[in-house]
Structures are given as structure tokens and as C-alpha cells.
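J.: Below are the sequence and a predicted model; questions follow.
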Amino acid sequence: VPDARHAACNLARRLKKAGHTAYFAGGCVRDGLLGKIPKDYDIATSATPAQVTALFPGSNEVGAHFGVVIAKEQGHHVEIATFRTDGSYRDGRRPDDVTFSTPEEDSKRRDFTINGLFEDPESGEVIDFVGGRKDLAAGVLRAIGNPADRFNEDALRLMRAIRFATTLGFEIEPDTWAAIQANADGLLRISPERIRDEFSRLIVQPARARGLDLLVDSGLIQHFLPEVLPLIGCEQPPEWHPEGDVYVHTRIMLEMLGPEAPLELCLAVLLHDIAKPPTQTFDEQAGRIRFNGHDAMGALMAEEILRRLRYPNHVIEDVAFIVSRHMQFMNVQQMRTAKLKRFMSAPTFPLELDLHRVDCGSSNGFTDNLEFLIAKQEEFAAQPLIPAPLVTGHDLIRLGLAPGPRFSEILDAVQTEQLEGRLADRESAVAWVKGLI
Ligand code: ATP
Ligand code: MG
């Protein structure tokens, strides 16, 4: 399969043959210089959208207004954008108009110096109007031009700054950082969906804990996830949590998650103790801090937060479910087998086990419940956790029972006996039911 770079190169070559300038632009140049494989290639060109579409039949003008055309080449979609200058941004989200212009102007309308580079696809020469190469080598994220103006034009850049600093492990240049802090409330002009997308990309990164710190220290989190702030300084019993307050505990867990942790798990870890601050009480008699019911309330809060950020229902449901059950991991060794098998049969169980692993690892370090569950997983591996039922409603009717609420009670009771290993086949199950009625 021809790779994306090869496909984009072909398109650029044809633009050049027709007399236009054509460069690779933005993220693909940045990633290439960092030795990473770019996930897609963007082309910037002197050709107008009309000239681009004429040259590549079948291409689509997506943002005619913004001068962007998507061309298909060897199975790859490549964005081809005409060099442009953005007009004023009256709404803090998008330019009122754009003017086609020069490579230099086009480079300067981009957000950060490391994203403002061009590359000649054939010679590999890098064209740098904004000092992006130096910042890339030094690991610095710096706004192009006046940082405050740039964040005011488009407030999504506030989130992008934190996301790139997190993903790339870069330091944010001091003037850029000061402008983020000073303009953090610009985020209020950005739709929850766009905030969510940037936040999701940040929280799945291996460096997600630092990303969270940056969101807190910048003042951005206050505008979309303020519930995290009371975790800071929320005390817990020191004998269980020698690591410190709930924020520190959560942040260590985020750090311990694997690099491939799915979004649901990352969000569940972030939110697992979200209801500790509002449920915190001091139990005078026992002489210790308690958080009664924080798991149930945490599930409600997680649901409310994720709904507000417009996460899809399946993400909301999984995260709320994981949060609601995370305290039950302390009781697994007391569960009878049938309950344990039902508990372990939840589709989210592997994620929950991982949350429990980092929960232990970030606190007192007791791993006996974790080891118990891993041993049980092996023990139960031979058969499905929830096997096919031994008797059905039809069997009950044949036994002379009338359908009703008692039906499901009996079927549940048979399943319990089956899960406990006390009933193994249909015959003995039918006999057992006969004894019951
Ligand atoms: P990635 O795709 O890995 O997130 P990227 O740099 O390719 O990184 P895109 O969102 O794909 O980011 O945008 C492509 C380029 O367009 C960026 O490199 C940057 O030059 C420019 N750009 C994107 N969004 C903005 C913005 N909000 N303000 C200014 N320039 C932007
Ligand atoms: Mg990109």
C-alpha cells in the first residue's frame, strides 16, 4: 500500500507541474522533524481552490470559504489549503473572512511556531518564517506573534496549547503561558464538543497527569471541569493514603495507567473519587475521615459532567458504572461465587480491574484483592462466567407453573446454584425446581 507521504508527494508534484507552489504544512512537518510518523499530510499551495479542484477531479471543496480542498490519492485523503491570511475574529472562534496570500502570511496565521513550518516535499527543505525549528529542537511551545491576541482570536488554541505541550512533552514559553492564564475564560466561548475533543486527546496520552496539572495551573479546568479543583487539598485517612490528598492520589493513578489505556478508563480514573470532597465527614467516634457513599454519588457526578461535555451515551454509561463499582473491589473476597461471577461478567470488568490496580498502587499498596481476582480469572477461564441457563420459562410452564414474577425468581435461583457449581445439568436442575415448588 502506498504510504500517505507518497500520496501527498504525488499531489504536490502535480500542483508544481501546473506552475503552483506546494508545500507540506503544519503537523506533518513538525512530526517528521521529531522523527514521528505523521498521521496525515496537509498541503499548502498558491493554487486557488478552483485551480485545485480543476487539477484533481473528484476532489471536494470542504471549506470553500476557508480555501480548503480534500483530494483523494491512492486511498489517502489529503487536505490542500490555499495560502491565506485570516481576517478578524469577532466571535473568538473563527475568522470573519479569509484572503488568499503568501506562504509567509499563511505561516503567521497558524497557532504555534512548531505548527508553522513548511517543507518542500521533493527536496525535503524546511521553510521557517516563525522560528519553529529552533523551538522544536528546544522543546518549546510558543504562540506565533502576540500570544494574548492569538488566544483571543481563537480560544480553542488555549486547549490546543496544553494538548501539544502534553503530547510532545514540551515546555510552554513564559509569555505564551502568561497569556493562557490571563485569557483562560475565553474557553467559555468554545462549544463543549470542541473542548471535549481536545480534552479526550489529552487524557489518553501517557503524559496525562502533567496535562491535568497544566489544565489546573492555567485556570482552564475551572471553565469546563471545575469539580476536579476541590480534590486538591481534600484530605484522606493517612494510613490508607500515605501519598496525600485526593488530587495527588488521582494524578498518580493517571500516571500509572498504561500508554494504551482507553478513554473510558482514563476518564473513570480521573473521576473515581470525584465525590470525595462533597461527602467528606469526620467520624468522631472512630476518629477518622469518612466518605460514605462517595462511589454512588461519584457515578451521578461523573454522569452529569460527561453529559455536560457531550460525551456519547456509551462512554457516559461505562464511566459512571465503573465509578459506581470501584469500592466493591474491597469486598470481592467476601462475595459468594455466584455474586463474584456476576460481578466479573460485566463487559467493563477488565477496565475496572485496571482501575483497581492503579488505585492500590497509588495508595496503601495492598494488592490482595487484585491478586485474588487475577487468580479467580484463571480459575474461571475454562467456562463462560455466565453459562447457558439449565432451565427456561418453557420448562417452568411444563412443570405447571403460571408465568409471573415468581418465574424470574426461580430462574435466578437456578442460575445461582449453577454458578455456585451445585447444579451441573438440566435433569438435576429440573429436579431441584420440583423440590422448590
Ligand atoms: P494533530 O493533527 O497531530 O493534532 P496538527 O498540527 O496537524 O496536529 P491540526 O488540527 O490537524 O493539527 O491542524 C493542522 C495545522 O493547521 C496545524 O499544524 C496548524 O498549523 C494549523 N491550525 C490548526 N488549528 C489551528 C487553530 N485553531 N489556530 C491556528 N492554526 C491552526
Ligand atoms: Mg493534523
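T.: Received the coordinates, thanks. Ligands and ions are numbered 1, 2, ... in the order given.
J.: Just the closest residue of this protein to ligand 1, please.
T.: Per CB to the nearest ligand atom, Gly27 is where the chain lies closest to ligand 1, at 2.1 Å. Just so you know, the C-beta spots here come from the backbone N, C-alpha and C atoms, and that holds for glycine as well.
J.: Nearest residue to Ala4 in space, please, no chain neighbours.
T.: In space, and not counting its chain neighbours, Ala4 is closest to His76: 4.9 Å by CB to CB, 6 or more residues apart in numbering.
J.: just checking, next helix/strand downstream of the least confident helix or strand in the chain by mean pLDDT?
T.: When each helix and strand of the chain is scored by mean pLDDT, DSSP states H and E, strand 60-63 comes last, with a mean of 78. Scanning forward in sequence from strand 60-63 by DSSP states H and E, the next helix or strand is strand 68-73.
J.: Tell me the helices and strands packed up against the next helix-or-strand element following that following strand.
T.: From strand 68-73 onward toward the C-terminus, using DSSP H and E, the following helix or strand is strand 76-82. When contacts are defined as 3 or more CB pairs under 8 Å, 6 or more residues apart in numbering; DSSP states H and E, strand 76-82 packs onto helix 4-17, strand 42-45, helix 49-55, strand 68-73.
J.: Next, the angle from the last one to helix 4-17.
T.: For strand 68-73 and helix 4-17, the angle between their directions (axes from the mean of the first three to the mean of the last three CA atoms, to 10 degrees) works out to 110 degrees.
J.: thinking again about what came up before, tell me the bridge partners for the residue nearest to Ala4.
T.: With DSSP bridges as the criterion, His76 is bridged to Glu73.
J.: That one: what's it in contact with?
T.: Pro2, Ala4, Ala7, Ala8, Asp40, Tyr41 (CB atoms under 8 Å, 6 or more residues apart in numbering).
J.: And for Ala182?
T.: Counting by CB under 8 Å, 6+ apart, Ala182 has contacts Ala148.
J.: State the pLDDT value of it.
T.: In this model, Ala182 is scored at 98, pLDDT.
J.: Going forward, count from 50.
T.: With the count now opening at 50, the last piece we talked about shows up as Ala231.
J.: what about it, distance to Leu207?
T.: The gap separating Ala231 from Leu207 is 11 Å, by CB to CB, to the nearest Å.
J.: centre of the chain versus the helix or strand His298 falls within, how much separation?
T.: Assessed by DSSP H and E, His298 sits inside helix 295-305. In this view, helix 295-305 has its centroid 16 Å away from the chain centroid, taken as CA atoms, centre = their mean, to the nearest Å.
J.: Quick one: residues in contact with that helix.
T.: Contacts of helix 295-305 (CB under 8 Å, 6+ apart): 252, 257-258, 261-262, 277, 280-283, 285, 290, 292, 315, 318-319, 321-322, 325-326, 404, 406-408, 410-412.
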